[in-house]
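Novice: Build me a model from this:
(2 chains)
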Amino acid sequence: MGTNRELARIFEEIALILELEEVEWKPRAYRNAANGIENLSEDVRDIYKKGGQEALDEIPGVGKGIAKKIAEYLETGRVTKLQELRKKYPRSISALVTLEGMGPKKVKRLVKELRITSTDSLEKAARQHKIQRLEGFGAKSEEDILNAIRTQKVSKGRMLQDKAMEVAEEIVSYLKKNAPVDRLDYVGSLRRMKETIGDIDILAVSKSGQKVMDVFTKMDGVKSVLAKGTTRSSVVLEEDNIQVDIRVVPESSYAAALIYFTGSKAHNIALRKVAISKRWKLSEYGLFTRQGKKIPFRTEEALYKKLGLSFIPPELRENRGEIEAVKKGKLPDIVALNDIKGDLQTHTIYSDGTRSVEDMVKAAQDMGYEYMAITDHSESARIAGGMDRRKLEKQLKEIEKVSKRHKIKVLKGAEVNILKDGKLDYPDSVLKRLDIVVAAVHSSFKMPKREMTKRIIKALENPYVDILAHPTGRMIGKRKGYDADFERIFEAAAENGKALEINSEPQRLDLNDENILMAKRFNALFCINTDAHDTAGLNMMKYGVGQARRAWLTKKDVVNTWPYNQLKKVFKRIPD
DNA sequence: GCCGTTTTCGGCCCGACTGTTTTCAGTCG
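Specialist: As a prediction, the model looks like this:
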């Protein structure tokens, strides 16, 4: 976890405990500060090193008081204020608010009246029916608490984007067919292309909210109905306990609702503040004057325009400076899926792919790509069916043959292992015959930080390496990335003119948006690949592009948006 | 505790749903 994140967590915990203590306004201040810190593109440590406490004061949401606490943390590794607060509310109590339906007020009473100190003691109290004896709680409250604890134990996390997308698209098309809706879209973090999705949000326009809710709550696969009203309902699906929320709004509110439910929350708050500065009020129902008169508009674009802004793509709506940028006319024209002209990491049956060279080439051509690379695994990747020299020779010939039958340019490549000592798995004599070399770590994941950093940097200094694939090695929900100094690695990539891969595989999404932002500071170049092992895998490109968009990348930053004749600027050995 | 082209003091985002307290507080997004 980076320093920024650690500090953000600390201030969030302070905010929560102050809420439990019913301190006024300060919780919000600490939350704002946490948010401001989390959205910095620079490491707080660097800011402090360069400008001291006064520089910290410049961080949005951070004033003198919090700047002092940041400095204390950077100097000593702790924040006294939090240590003191934790004496009264240990971390196990703070964790209680992560349960569905539990907020600071309820937690406070449970702690005070039943001496609850953790999820476990809460569960015990609920089972012994001690909770329903408290005023304001009943039998249902007890049941809800037990359910919430169970759900947290089971799902304990978020789903991958492709899963969420699949489920969302299915529900959207079902409701369009079976419910009286005029418009219907998925919104929320899925529309913003966040790397993982908590629950699925759907927005609809209908003259009969009641009927839509009836259809929605009775869909196949609904396990339980958490809430059902005429404008808002929530269900949990059988499948992985996925929660789906739906909102129905009138046509006249649709654009405002689209913005509101797409979020992020931080972006919405910032937009409301812009509205307030114009003496208006913004809600999911629209924009209103102080007298309550509705200011009409029909599209998201139109609302942004009314607020004196231009359209902000959903992926940028994180209150990471997008509103300020758009005010100054400095919002970049971010990369889009149809800018992609080629996929430079794909596999075939020559290693661990399941389709032939011919199939993959044809599929890529059908997607409208101008070029692609076939990059099967190198020799030492035995588990992945890595190619020895002879197999490689055979594949190179086949690629040449297939290539002649298709218009798309097919680059002869390989995904070459970075060995423990930073050397590559093929000798230079082999590497130089390849059009493109994708280097990656596939073994010894647990090396000490310094050695791992050295290992990867050494590979980046190899003149035949073109792309560093899935640079951090993380797998969402499965394993953390390598322990390495990625700032130095990204810098080395930029200096050596190597592209950093944004791997589109939903479980990888490596680099993610934060890493990309960090690498961009060094003017690194990026390449968005799918790492496809079959033809369907080529369609994962949208998830990688989503990460790039979230990190404000433009076509200039992403080499595989460039036409073939410009690729030579980065990939030195590709044929004309 | 933070913030400021109306402000260095007085604000700080808004509305729906639920359970339970028959008039609303708490939670959520």
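Novice: How about the residue in the stretch 451-576 of chain A positioned nearest to DNA strand B: what's its closest non-neighbour residue?
Specialist: Nearest to DNA strand B, among the residues of the stretch 451-576 of chain A, is A:R550, at 19.1 Å (Cβ to the nearest atom of the strand). All C-beta spots, glycine's among them, are computed from the backbone N, C-alpha and C. Nearest-residue entry for A:R550: A:D513, 4.0 Å, with adjacent residues in sequence omitted and distances by Cβ to Cβ, 6 or more residues apart in numbering.
Novice: what sits against the one you found?
Specialist: Listed by Cβ atoms under 8 Å, 6 or more residues apart in numbering, the contact set of A:D513 reads A:195, A:547, A:550-551.
Novice: which outside residues touch the helix or strand hosting A:K49?
Specialist: Element membership of A:K49 [criterion: DSSP states H and E] is helix A:44-57. With Cβ under 8 Å, 6+ apart as the test, helix A:44-57 has contacts from A:3-4, A:7, A:37, A:40, A:58-59, A:62-64, A:66-68, A:70-71, A:74.
Novice: All the strands of the stretch 251-400 of chain A, residue numbers only.
Specialist: In the stretch 251-400 of chain A, the segments counted as strands under DSSP state E, counting those that start in this stretch are A:280-283, A:286-289, A:294-295, A:342-343, A:371-377.
Novice: so which of the ones you listed comes closest to A:K542?
Specialist: With Cβ to Cβ, the closest approach to A:K542 among those belongs to strand A:342-343: 12.1 Å.
Novice: residue contacts, the residue of the stretch 451-576 of chain A closest to DNA strand B?
Specialist: By Cβ under 8 Å, 6+ apart, the neighbours of A:R550 are A:192-194, A:315-316, A:318, A:513, A:516.
Novice: So for DNA strand B, which of the strands of the stretch 251-400 of chain A sits nearest?
Specialist: Shortest distance between DNA strand B and the strands of the stretch 251-400 of chain A, using Cβ to the nearest atom of the strand, is found for strand A:280-283: 3.9 Å.
Novice: Now do the buried residues in the closest one.
Specialist: Residues of strand A:280-283 classed as buried by neighbour count (16 or more other Cβ atoms under 10 Å): A:280-282.
Novice: and that strand, anywhere near DNA strand B?
Specialist: Yes: for a cut-off given as Cβ under 7 Å from any atom of the strand, strand A:280-283 has contacts with DNA strand B, namely A:281-283.
Novice: which other helices and strands contact that strand?
Specialist: In terms of contact count using 3 or more Cβ pairs under 8 Å, 6 or more residues apart in numbering; DSSP states H and E, strand A:280-283 is assigned the packing partners helix A:254-262, helix A:265-277, strand A:286-289.
Novice: so what's the residue of the stretch 101-250 of chain A found nearest DNA strand B up against?
Specialist: Proximity of the stretch 101-250 of chain A to DNA strand B (Cβ to the nearest atom of the strand) peaks at A:G138, 2.0 Å away. Contacts for A:G138 (Cβ under 8 Å, 6+ apart) come out as A:Q132.
Novice: can you tell me how far it sits from A:I131?
Specialist: For A:G138, the distance to A:I131 (Cβ to Cβ, to the nearest Å) stands at 9 Å.
Novice: Find the residue ranges of the stretch 301-450 of chain A scoring beneath the pLDDT cut-off.
Specialist: A:380-385 (pLDDT under 70).
Novice: Which stretches in it count as helices?
Specialist: Per DSSP state H, counting those that start in this stretch, the stretch 301-450 of chain A carries helices over the ranges A:322-327, A:357-366, A:389-405, A:428-431, A:449-460.
Novice: Those into JSON lines, with extra columns for distance to A:D376 and mean neighbour count?
Specialist: Below are the helices of the stretch 301-450 of chain A laid out as JSON lines (distance: least, Cβ to Cβ, whole Å; neighbours: other Cβ atoms under 10 Å):
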{"stretch": "helix A:322-327", "distance to A:D376": "40", "mean neighbour count": "17"}
{"stretch": "helix A:357-366", "distance to A:D376": "9", "mean neighbour count": "19"}
{"stretch": "helix A:389-405", "distance to A:D376": "7", "mean neighbour count": "15"}
{"stretch": "helix A:428-431", "distance to A:D376": "13", "mean neighbour count": "15"}
{"stretch": "helix A:449-460", "distance to A:D376": "18", "mean neighbour count": "19"}
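Novice: which other residues reach the lowest-mean-pLDDT helix or strand in chain A?
Specialist: With mean pLDDT, DSSP states H and E as the measure, the helix or strand of chain A carrying the lowest mean pLDDT is helix A:139-155 (a mean of 82). For helix A:139-155, contacts defined as Cβ under 8 Å, 6+ apart pick out A:98-102, A:119, A:122-123, A:126-127, A:129, A:131-132, A:236, A:240-241.
Novice: Try it again at 6 Å.
Specialist: Contacting residues not belonging to helix A:139-155 are listed as A:99-101, A:123, A:126, A:131-132, A:241 [Cβ atoms under 6 Å, 6 or more residues apart in numbering].
Novice: would you turn those residues into a markdown table with pLDDT, secondary structure and neighbour count?
Specialist: As requested, the contacts of helix A:139-155 are arranged in a markdown table below (pLDDT from 0 to 100; DSSP: H, G, I helix; E, B strand; the rest coil; neighbours: other Cβ atoms under 10 Å):
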| residue | pLDDT | secondary structure | neighbour count |
| --- | --- | --- | --- |
| A:L99 | 85 | coil | 19 |
| A:E100 | 80 | coil | 13 |
| A:G101 | 84 | coil | 11 |
| A:E123 | 92 | helix | 17 |
| A:A126 | 92 | helix | 24 |
| A:I131 | 91 | helix | 25 |
| A:Q132 | 89 | helix | 13 |
| A:N241 | 80 | helix | 16 |
